[in-house]
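# Return atomic coordinates for the entry below.
(one chain, ligands or ions: 1)
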Amino acid sequence: MEWKGIRGTVLNDVPMKRYTSMKVGGPVKYLVYPHDEEDLLRVLGLLRDKGMAYRFLGNGTNVIVHDGGLDEAVIRTTRIKRVRYTKTGEDVSVEVSGGTSLKAFIRDTADRGLSGLERLFWIPGTVGGGVKMNAGSFGSWISGPLESVCLAGNDGETVSIAKDDMGFGYRTSRVRPSECVMTARFRLCYRNKDEIRRDMDYVYGERKARHPVEYPSAGSVFKGVDGEPAWKFIEKAGMKGMRIGGAMVSEKHANFIVNSGTATAEEVKLLIDKIKSEVFEKTGVSLKEEVELWGFNG
Ligand SMILES: Cc1cc2nc3c(=O)[nH]c(=O)nc-3n(C[C@H](O)[C@H](O)[C@H](O)COP(=O)(O)OP(=O)(O)OC[C@H]3O[C@@H](n4cnc5c(N)ncnc54)[C@H](O)[C@@H]3O)c2cc1C
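All right, here's what the predicted structure looks like:
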């Protein structure tokens, strides 16, 4: 395919294990890094004209890609990083590009004494991935201080959606696979910087203590069930430390599957299926994936 007029970078047949935090997955036909928002719309137009399937990728911290890869284009947003602060009365309205690292963004807001996102500190994704997944931690959700989202579809149009129309739920939103979170607008309020930092330090400390951050993973594999965390059921089923090849149920946190070094996507998927069936058999609970599995349906 020709990429006429595109200012960004297009890579051919690159293995997704390089671009996902689980470090598994085969090649995608095209990995496209749009230069800016205008370029992204151009890429979408080209893909529509060619009838080529595509998906969006942020930091790849919630996806597991099949070893056989994908015969699709993956549009990686991480070069588009723009943050604009506007004072509105007592608060500040912040417009941030979807490709911006959530961690870097939260650090920046904290440095300005702006509060609202600090309990999401150290979630390793982008703002766009966070909005799509309605990322959350320590009782906070990214949708909490959100005001609106600007979405782009392959018709080349952008549309601003108010938070209440975003369909946010537990790790869900109305963002479709074909739509890009171009920007998100948050309303943040001023708070004592030391108090914000204290919260961030707490969150960081807890994450380091509880999560197996020393291994590649895709974070929590399964969603909680009726307010109960999934790790409880996995522990109850006696699956901590269980391995299939290089994929292992973390000893530190049973809802994490870690790549001990040599895992393949197939091994990760087999372990996911094994956990689901053992948990169901031993506790009667049906676990649902929080991670996205790309390319596993034939
Ligand atoms: C160690 C670790 C800890 C984690 N802790 C947490 C946690 O505490 N809470 C939590 O909620 N999650 C957590 N996660 C999971 C993950 O970081 C979040 O889901 C994050 O929001 C994903 O962002 P991403 O940019 O990596 O998205 P990706 O993994 O790249 O993509 C995830 C989904 O979002 C879509 N997407 C990405 N960017 C865009 C965009 N701009 N527009 C439209 N769609 C887009 C993708 O198509 C895909 O459907 C953790 C992961 C790891 C590895």
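
# And for K282, the neighbour number?
14 (other CB atoms under 10 Å). Just so you know, the C-beta spots here come from the backbone N, C-alpha and C atoms, and that holds for glycine as well.

# how about the residues of the stretch 1-150 of the chain near the ligand?
21, 55-63, 77, 98, 123-126, 128-130, 132-133, 135-137 (CB under 6 Å from any ligand atom).

# Skipping adjacent residues, who's closest to E278 in space?
Among residues not flanking E278 along the chain, A237 sits closest, at 4.6 Å (CB to CB, 6 or more residues apart in numbering).

# What of K29?
For K29, the spatially nearest residue (CB to CB, 6+ apart) is D71, at 5.4 Å.

# doesn't Y30 make contact with that neighbour?
No. The criterion here is CB atoms under 8 Å, and D71 misses it with Y30 at 9.9 Å.

# More neighbours: those two, which one.
Taking neighbours as other CB under 10 Å, D71 and Y30 compare with Y30 leading, 22 against 12.

# Leaving out the residues flanking it, which one is nearest to that one?
Closest residue to Y30 in three dimensions, ignoring its sequence neighbours and counting by CB to CB, 6+ apart: A73, at 4.2 Å.

# That neighbour contacts V28, doesn't it?
Yes. Shown here, A73 and V28 form a contact pair, counting by CB under 8 Å, at 7.3 Å.

# The two: who's more crowded?
When neighbours are counted by other CB under 10 Å, A73 and V28 differ, and V28 comes out ahead with 27 against 22.

# quick one: the helices in the stretch 1-150 of the chain?
37-50, 102-111, 127-133 (DSSP state H, counting those that start in this stretch).

# ok, now which ones touch the closest residue to T126 other than its chain neighbours?
Nearest residue to T126 in three dimensions, chain neighbours excluded: G58, at 3.3 Å (CB to CB, 6+ apart). Applying CB atoms under 8 Å, 6 or more residues apart in numbering, one finds that G58 lies in contact with R76, T77, T78, G98, G99, G125, T126, V127, G128, G129, G130.

# Put together CSV for those residues, with neighbour count and pLDDT on each row.
Converted to CSV, the contacts of G58 look like this (neighbours: other CB atoms under 10 Å; pLDDT from 0 to 100):
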residue, neighbour count, pLDDT
R76, 23, 98
T77, 26, 98
T78, 20, 98
G98, 30, 98
G99, 30, 98
G125, 23, 98
T126, 32, 98
V127, 30, 98
G128, 29, 98
G129, 27, 98
G130, 29, 98
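
# Tell me the pLDDT of G156.
Confidence per residue is given as pLDDT, and for G156 that number is 82.

# for it, what are its contacts?
Under the criterion of CB under 8 Å, 6+ apart, the contact list for G156 reads L41, L44, G45, R48.

# cool, S148 as well?
Contacts were defined as CB under 8 Å, 6+ apart; by that measure S148 touches S160, I161, A162, K163, A184, R185.

# Who wins on neighbours among these?
Top of the contacts of S148 by neighbour number is A184, holding 26 neighbours under the definition other CB under 10 Å.

# Which secondary structure state does R187 sit in?
R187 carries the three-state label strand when classified by DSSP: H, G, I helix; E, B strand; the rest coil.

# how near is it to D164?
14 Å (CB to CB, to the nearest Å).

# And the two? Which one has more around it.
For R187 against D164, the residue with the higher neighbour count under other CB under 10 Å is R187, and the figures read 17 against 9.

# so what's that one scoring on pLDDT?
According to the model's per-residue confidence, R187 sits at a pLDDT of 98.

# That one reaches G144, doesn't it?
No. Counting by CB under 8 Å, R187 does not reach G144; the two are 9.9 Å apart.

# which neighbours do the two share?
Common neighbours of R187 and G144 are listed as G116 (criterion: CB under 8 Å, 6+ apart).

# Mark out where each domain of this structure begins and ends.
Residue ranges for each domain of the chain read 9-76, 83-208, 212-294, as given by automatic domain parsing.

# Please identify the deepest-packed of the ones you listed.
Of the domains of the chain, the one with the most neighbours on average (mean count of other CB atoms under 10 Å) is domain 9-76, at a mean of 20.
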